[in-house]
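Trainee: Next one to model:
(chains A and B)
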There are 2 protein chains.
Amino acid sequence: MRIVIDAMSGDNAPLETVKGAVEAATVFPEVKIVLTGNRRVIERVASEQRLSLSNIEIIEAASVITMQDEPNCVVKDKKDSSMAVGLLELKNNADAFVSAGNTGALQVGSTLLIRAIKGIRRPCLASILPFPEPVMLVDCGANVNVVPEYLVTWADMASIYMRKLFGMKRPKVGLLNNGVEEHKGTEVEIETYKLLREDSAVNFIGNVEACDIPFAPCDILVTDGFTGNIVLKYSEGFGKFFFRTLKGMYSQNNRSRLSFLAMKGQIMDLKRQFDASEYGGAPLLGLSKPVIKAHGSSDAKAIRNAVKQAINFAKTGINDEIAEMTARRAAEKAAKKAAAKASDTENKEAVK
Amino acid sequence: MRIVIDAMSGDNAPLETVKGAVEAATVFPEVKIVLTGNRRVIERVASEQRLSLSNIEIIEAASVITMQDEPNCVVKDKKDSSMAVGLLELKNNADAFVSAGNTGALQVGSTLLIRAIKGIRRPCLASILPFPEPVMLVDCGANVNVVPEYLVTWADMASIYMRKLFGMKRPKVGLLNNGVEEHKGTEVEIETYKLLREDSAVNFIGNVEACDIPFAPCDILVTDGFTGNIVLKYSEGFGKFFFRTLKGMYSQNNRSRLSFLAMKGQIMDLKRQFDASEYGGAPLLGLSKPVIKAHGSSDAKAIRNAVKQAINFAKTGINDEIAEMTARRAAEKAAKKAAAKASDTENKEAVK
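Mentor: Residues are numbered from 1 along each chain as shown, chains lettered A, B, ... in the order given. Prediction:
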C-alpha cells in the first residue's frame, strides 16, 4: 500500500508533516509512505531533526498552495504544488492521500483529478465533532448549494464509513434542522426528511436541533455544506473559547493557580477529548480513492493519525460498499422506471 | 405606559412570570403592568407567594399555548390564550408585550395581529449571544426562506436597536459566512454582501466565520433564520455542555471538590456572564409595537429584565427611526426609478 502525504501544506509544515510521516513509516512498516514537496527542504528538516528518510519516498513539487490561494489554483497556476502533485500520484499510483492544506483547493483538486465513485454526483467532506460521543458531520463545506438527493447520499456514505471504521452496527442518522417536527426547515430539509425516512439503508432518527449536538443525539448529522461549515467552525471557536476562559479563570490569583494544580489532570483529559486530531482528519467521501483532509494546525501526531485513518479507509473496502450501494440504487431506480412505463403501456392498451 | 406580560407561558409560568411582573411593577412604578391569563390561578400564585397585585391589571385568558402547539393556533383555536389576548391588548391599548412562550406562535401572532412598520416586509427575531462582548444575531429563526433584501433590512434595524439601546455609535455589522472572501456562500450571501457594502446606514465589516463568533468580531451578526436558529441553539447547547463538563470535573473526587470551593466565585461569575437573561429577551424587530420573546426557562429576574427592555424599546423611539429609515429607502428607490424612466424617455426622444 502506498500512502501519499502533502509535506508542505498546513500551519506546521513541513516540520510536523515530515515528523508525522517518519512516525507513520515506523508504526506501519508494511506501508510505503510518499512525501510530495521540495526535496531539499524536506531533507534539511529531516536532518535537523535527526530523522531517517530511508523508508520514505519523496516526489518533487516546486510550489505550495497557501490558505490565501484560490481553490482552483490546484489545477491552474499551481499544478506543480505539493497538493496537486500528491493528488496526481494518488490518481496514478497510490492508495490514499493526506493533506493539511487549503480545504477548498483540496476539494476542487480531488473532484477534478480523482474520479468520483460511479453514481456519486457530489463527494462530501465529513468531520468528527469531538464531544464525549463523537458525531460525524456531513457535509462540512464541500457543497454550499445542494439538493435533497445529495444529503441522502451523504447519509448513506457516512453510515457505511461509521460501520466499517468505527464498528457501529446501525449508526443513527439525524438531519440538522431548526425544530424536530417533520415540516421544519427549508424545502431542502422538508424533502430530505421524506427521502431519509424512506431510505432503508440508513437508521434515520429524524430532525436534530443544534442544542442537542453536544449530547450525542445521533452518530451522523446530515446538513448542507454551508450550515455544516458554520457548525464545524463554531465548534472550533467555542472549544477555543472554553479553554481560553478556563485558563483565564485559573490565572486570576495564587489561590486559583494552586487550584489549577489540583485539576490539571482532568483539564488535560478534557483537552485531549476535545482534540479532533485523535480521530485523524476529515475524509472526503464519494471519491474513488481516499483523500483525508488533516486539520490545518496538525502536529506530527495528527498526521500519523490521519495516515492510520487513510490506511484503514483504503483497506476496509468502504469504497466498494459505496459503489455497491449506488449500483443498487441505480438498479432500483431503473426497475421503478421500467415498471411505471410497463403500467403506462398496459393502461394505454386497456384504453384501446 | 402599559406593558403586557403573558403570565401563563414559559417553563416556569405562572409562578416566575407573576413574581417578575410584581418586581417590575415595584421597580417601574410609572408603568402599568398588565398580566394576561387565568385570573384565579394568577391570584392564587400571588397569594401563596404573598405578593401584592394591587398595582397590576389582569386580563382574563382561558387557555395557554404550549410548546407542542402549532404556531398558527394563536390565531385559530387558541385565540383565547394568554398570548393571543396579550397581543390583542398590545394592538389596541398597550405599548409593549413580553412572552416566554412558544416562539413560533409568538412570531405568527405578532406578524398577523400587530402591523409591521411600513416598508418592512419581514420582521426578524434578534437574540444576544452571551459572550464577554455581546453579539446580536439576526435573524434567529423567524424567517427560514429569505432574499438578500431581508438580511439588509435586518442589519439596518439591528444597527438602530444597538445604537439606541446599547449606546453604540457605529455598531459593526458582520455577515455570517463560510469564509471571509466576498465570493463565499450561497447566492443569498454573495448578493447580501454587495448590498451591505453599498448600504451607508450600516457599518459593514464583511464576512464573519463561525470560529470567530465567541471573540467579538462584530456587534451584529446577520444571517438567514435557518442558520441563525442553528447558531443560537448550538450556543445554548454548548454553554450547557460547558457547565455540565465543569461540574463533572469538579465532582470526580475529594480533591477536585475542594478545588471547586476555591474556584466557586469565578465559575459563578462565568455562569452569570453566560446568562442570556441579563440582556432581557429577544426583540422582534420591524413590528409597529415592541414584542419581546423572553427565554422559555425565564425566572422572575429574566421577566423583570425583559420588561425593562420592553420599556426602553418603547420609549427610545427605535420604531420611529426604523420608520424613517424605510421611508428614506422608499424615497431613494422612487427617485432612482424616476431618474431611470426620465433617462429612458430622453433616449427615446433622441432616437426619434
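Trainee: Check which helices and strands the helix or strand of chain A with the lowest mean pLDDT sits against.
Mentor: Across the helices and strands of chain A, mean confidence by mean pLDDT, DSSP states H and E is lowest for helix A:254-273: a mean of 78. Using 3 or more CB pairs under 8 Å, 6 or more residues apart in numbering or on different chains; DSSP states H and E as the contact criterion, the elements in contact with helix A:254-273 are helix A:225-250, helix B:225-250, helix B:254-273. Glycine gets a C-beta too; all of them are placed from N, C-alpha and C.
Trainee: try 6 Å
Mentor: helix B:254-273 (3 or more CB pairs under 6 Å, 6 or more residues apart in numbering or on different chains; DSSP states H and E).
Trainee: contact partners of the helix it packs on?
Mentor: With CB atoms under 6 Å, 6 or more residues apart in numbering or on different chains as the test, helix B:254-273 has contacts from A:249, A:255, A:259, A:262, A:263, B:250.
Trainee: at 8 Å what do you get?
Mentor: A:245, A:249-250, A:252, A:255-256, A:258-259, A:262-263, A:266, B:130, B:132, B:243, B:246, B:249-251, B:278 (CB atoms under 8 Å, 6 or more residues apart in numbering or on different chains).
Trainee: and residue A:336, how many neighbours does it have?
Mentor: 10 (other CB atoms under 10 Å in any protein chain shown).
Trainee: swap in residue A:99?
Mentor: 33.
Trainee: what residues are up against it?
Mentor: A:5, A:6, A:9, A:10, A:82, A:83, A:86, A:106, A:291, A:292, A:293, A:294.
Trainee: partners of it in the sheet?
Mentor: Taking DSSP bridges as the rule, residue A:99 bridges to residue A:293.
Trainee: Pull up the gap between it and residue B:191, please.
Mentor: Residue A:99 sits at a distance of 32 Å from residue B:191 (criterion: CB to CB, to the nearest Å).
Trainee: Do you know the pLDDT at the closest residue to residue A:228 other than its chain neighbours?
Mentor: Once flanking residues are discounted, residue A:228 sits nearest to residue A:140: 4.6 Å by CB to CB, 6 or more residues apart in numbering or on different chains. For residue A:140, the pLDDT comes out at 94.
Trainee: and residue A:140, that one's in a helix?
Mentor: No: Residue A:140 is assigned coil when assessed by DSSP: H, G, I helix; E, B strand; the rest coil, not a helix.
Trainee: Next up, the contacts around it.
Mentor: A:124, A:125, A:126, A:127, A:225, A:228, A:229, A:232, A:282 are the contacts of residue A:140 under CB under 8 Å, 6+ apart.
Trainee: neighbours around the one residue in the stretch 51-200 of chain A that gets nearest to chain B, how many?
Mentor: Residue nearest to chain B within the stretch 51-200 of chain A: residue A:178 (4.0 Å; CB to the nearest CB). As a burial measure, residue A:178 scores 24 neighbours (other CB under 10 Å).
Trainee: sec struct for it, please.
Mentor: Under three-state DSSP, residue A:178 comes out as coil.
Trainee: The one 4 residues further on too?
Mentor: Here residue A:182 is coil, with the state taken from three-state DSSP.
Trainee: For it, grab phi and psi.
Mentor: The phi/psi pair for residue A:182 (degrees, to the nearest 10) reads phi -70, psi -20.
Trainee: What does the pLDDT read for the nearest residue to it once chain neighbours are set aside?
Mentor: Nearest non-adjacent residue to residue A:182, counting by CB to CB, 6+ apart: residue A:193, 5.2 Å away. pLDDT for residue A:193: 98.
Trainee: so residue A:193 touches residue A:207, yeah?
Mentor: Yes: with contact defined as CB atoms under 8 Å, residue A:193 reaches residue A:207; the gap is 6.7 Å.
Trainee: now the stretch 251-352 of chain A, which segments are flagged as low pLDDT?
Mentor: Confidence mapping of the stretch 251-352 of chain A against pLDDT under 70 gives the ranges A:275-278, A:351-352.
Trainee: Measure how buried the residue lying closest to residue A:285 once chain neighbours are set aside is and give me the count.
Mentor: Excluding the flanking residues, the one nearest residue A:285 by CB to CB, 6+ apart is residue A:157, at 4.3 Å. Counted with other CB under 10 Å, the neighbours of residue A:157 add up to 26.
Trainee: what sits against residue A:157?
Mentor: Counted by CB under 8 Å, 6+ apart, residue A:157 has contacts A:120, A:124, A:126, A:138, A:285, A:286, A:322, A:325.
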